[in-house]
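Colleague: I would like the atomic coordinates for the input below:
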Amino acid sequence: MKFFATSAALLVGSAASYQTPMTMAVVKKAAVVKKAAVVKKAAPKAAAASSKFNLSSWAQEAGGIAAASRAAAKPSIALPYNEAPITCDGTLVGDFGFDPWQLSTAAEGGTFLGKDWQGSTIKFYREAELTHGRIAQLAVLGYLVPGFIGTFPGNEWTGIDAYSATKPLEALTTVPQLALLQIIAAMSWVELRRFNTIKAEGADYVNGDLKLGQGEGRWNPIKLNYTPEQYEEKQLQEIKHCRLAMMGILGLWFQENNSGVGIAEQLTKGIASLQVQDTATGYVF
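Modeller: Numbers count the residues shown, from 1 in each chain. The predicted model follows:
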């Protein structure tokens, strides 16, 4: 009897031990099915989340654009030994294929300006180039005018010599703080107005359009009226001046900072030191 009871207990225990994995497998399978249903149910939410910026997908998209750009690349006018990316196709005024680092092929440039700018990296860079170039042109004037023409007069409230500095780097420490804040506030207003115009016009926005000059709805006090060919030439002149001014303001800043002498003073002394000799073959400096 003891042997039978022991055998029966072993058989029941063996059956239980074999049934347990089966039960666990069924439970596990049910859990997987339930989990899959939950994941499937949450899929729309995940899809909505995937619409946000993803570094991995951005890198893949950027790599695809770069690969397509290399495949369709043409010789660069600016760099004949290099190839211009597909984004620099010459449609923009002043585009000579200068992009050795393929920056214009980035996938998401300017996306923060709205969906109309998504994938328009080259358009975003042109907007930045025009904006920075125009600021640089004003900065070059700011470097030269005080030394050659003069500065604003001071007063008792600001100080008689508050605006007498002819070197811009020195003027940053002598001009009243409220005057600097006024300049920053004016710059912020102009930039905010430009940003709102870009957002409002979307895909119809024209790079660098400040609502000035010829055209309907623009302020045109000097009655500019160019032909399409003349207007394109003026656009080319502006972008060239922008690029030159951005390089020029860096040169002026480094020169004054390293020498400690104002730009106007350096130019005046340099021109005065030139000696012109009239020879039989012409003038020699």
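Colleague: count of residues packed around D99?
Modeller: When neighbours are defined as other Cβ atoms under 10 Å, D99 has 22 of them. C-beta: built from backbone N, CA, C; applies to glycine.
Colleague: wait, is it part of a strand?
Modeller: No: applying DSSP: H, G, I helix; E, B strand; the rest coil, one finds D99 to be coil, outside a strand.
Colleague: distance check, it against H132.
Modeller: Between D99 and H132 the computed distance is 17 Å (Cβ to Cβ, to the nearest Å).
Colleague: how many neighbouring residues does the residue nearest to L103 when sequence neighbours are not counted have?
Modeller: Excluding its sequence neighbours, the residue lying closest to L103 (Cβ to Cβ, 6 or more residues apart in numbering) is Y125, at 7.2 Å. Using other Cβ under 10 Å, Y125 has 19 neighbouring residues.
Colleague: what do you get for the one 10 residues further on?
Modeller: I135 is flanked by 16 other residues according to other Cβ under 10 Å.
Colleague: what helix or strand does it sit in?
Modeller: helix 121-148 (DSSP states H and E).
Colleague: right, and the helix or strand after that helix?
Modeller: Per DSSP H and E, the first helix or strand lying C-terminal to helix 121-148 is helix 168-174.
Colleague: residues making contact with that next one?
Modeller: G142, Y143, P146, D161, A162, Y163, S164, A165, L180, W253, E256, N257 (Cβ atoms under 8 Å, 6 or more residues apart in numbering).
Colleague: the next helix or strand after that helix vs helix 121-148, what angle?
Modeller: On the C-terminal side of helix 168-174, the closest following helix or strand by DSSP H and E is helix 177-201. Going by axes from the mean of the first three to the mean of the last three Cα atoms, to 10 degrees, helix 177-201 is angled at 150 degrees with respect to helix 121-148.
Colleague: tell me what angle the helix or strand following helix 177-201 forms with helix 121-148.
Modeller: As assigned by DSSP H and E, the chain's next helix or strand after helix 177-201 is helix 228-259. Interaxial angle of helix 228-259 relative to helix 121-148 (the same axes, to 10 degrees): 60 degrees.
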